[in-house]
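A.B. asks: can't give you the sequence, but here's the structure:
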């Protein structure tokens with residue numbers, strides 16, 4: 001007696017089904033990023049460099065992000081949906097797995113700090129972050145006027161999302177995002193529209209590790 005495909009799906013453990021779904025979504029995201037790079041100016045150079053060196057230089061990484069960000073804006077407008085940004089981020093680390101940062105659950109934190117501050121300063125900041133700065137940021141954030149976004153970030157920063165299989169932010173990333181709520185906004189011209197911390201979070205590209 002043979003089992004139907006639906007019977008086979010029901011017989012699989014939930015974790016196996018979730019893993020299969022994550023692998024499927026990763027494959028779709030990877031193919032999307034590859035298709036965009038193959039059709040946009042400069043994209044083939046990115047693919048060729050990675051194929052030859054299994055890496056991307058800093059300028060090529062920035063070029064990759066610029067191409068994909070432009071495509072997002074072209075298809076969804078100035079502020080793409082968060083789910084779209086997450087799909088692109090997943091596609092990047094699936095297509096270019098050697099670029100993943102093993103020390104960060106979300107992907108590129110260490111690399112981006114190195115690019116912005118230089119390797120020596122970045123190393124000092126990241127070394128002290130978990131044991132010193134992170135706790136201070138959480139403590140300062142607890143004194144702010146509470147909002148749903150702030151409470152969600154605090155729960156993630158304290159690792160209190162144990163009931164969620166896939167919390168939106170990891171503990172370290174959530175504590176970094178709390179800085180958006182603590183730091184005062186930069187002075188701007190009067191005609192420039194300011195945005196809040198929660199809105200600023202919508203402009204962040206979230207990088208995921210490959211399942």
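C.D. replies: Perfect, I can see it now. Only a predicted model underlies this, so the values are computations on that prediction, with no experimental measurement involved.
A.B. asks: From residue 88, how far off is residue 69?
C.D. replies: Look at residue 69 and residue 88: by CB to CB, to the nearest Å, they are 8 Å apart. Placement of C-beta: from N, CA and C, glycine included.
A.B. asks: who's more crowded, these two?
C.D. replies: Shown here are residue 69 and residue 88; by other CB atoms under 10 Å, residue 88 has more neighbours (22 against 14).
A.B. asks: Excluding chain neighbours, what is closest to the more buried one?
C.D. replies: By the measure of CB to CB, 6 or more residues apart in numbering, the closest residue to residue 88 outside its immediate chain neighbours is residue 68, 5.5 Å from it.
A.B. asks: For the one you found, which three-state class applies?
C.D. replies: helix (DSSP: H, G, I helix; E, B strand; the rest coil).
A.B. asks: dump the residue contacts of it.
C.D. replies: Going by CB atoms under 8 Å, 6 or more residues apart in numbering, residue 68 touches 33, 36-37, 88, 92.
A.B. asks: Now do it against residue 134, distance only.
C.D. replies: From residue 68 over to residue 134 (counting by CB to CB), the distance is 30 Å.
A.B. asks: hmm, back to that, with respect to residue 145, which of the contacts of residue 68 is nearest?
C.D. replies: Nearest to residue 145 out of these is residue 88 (CB to CB; 32.8 Å).
A.B. asks: For the helix or strand hosting residue 38, give the mean pLDDT please.
C.D. replies: Under the criterion of DSSP states H and E, residue 38 resides in helix 14-39. The average pLDDT within helix 14-39 is 85.
A.B. asks: Quick check: what element follows it along the chain?
C.D. replies: Using DSSP H and E, the next helix or strand after helix 14-39 towards the C-terminus is helix 43-53.
A.B. asks: returning to that earlier point: could you identify the most distant pair in the contacts of residue 68?
C.D. replies: That would be 37 and 88, which, of those, are the farthest apart (CB to CB) at 11.3 Å.
A.B. asks: From what I see, residue 141 and residue 182 are in contact.
C.D. replies: Yes: taking CB atoms under 8 Å as the definition, residue 141 is a contact partner of residue 182 at 6.2 Å.
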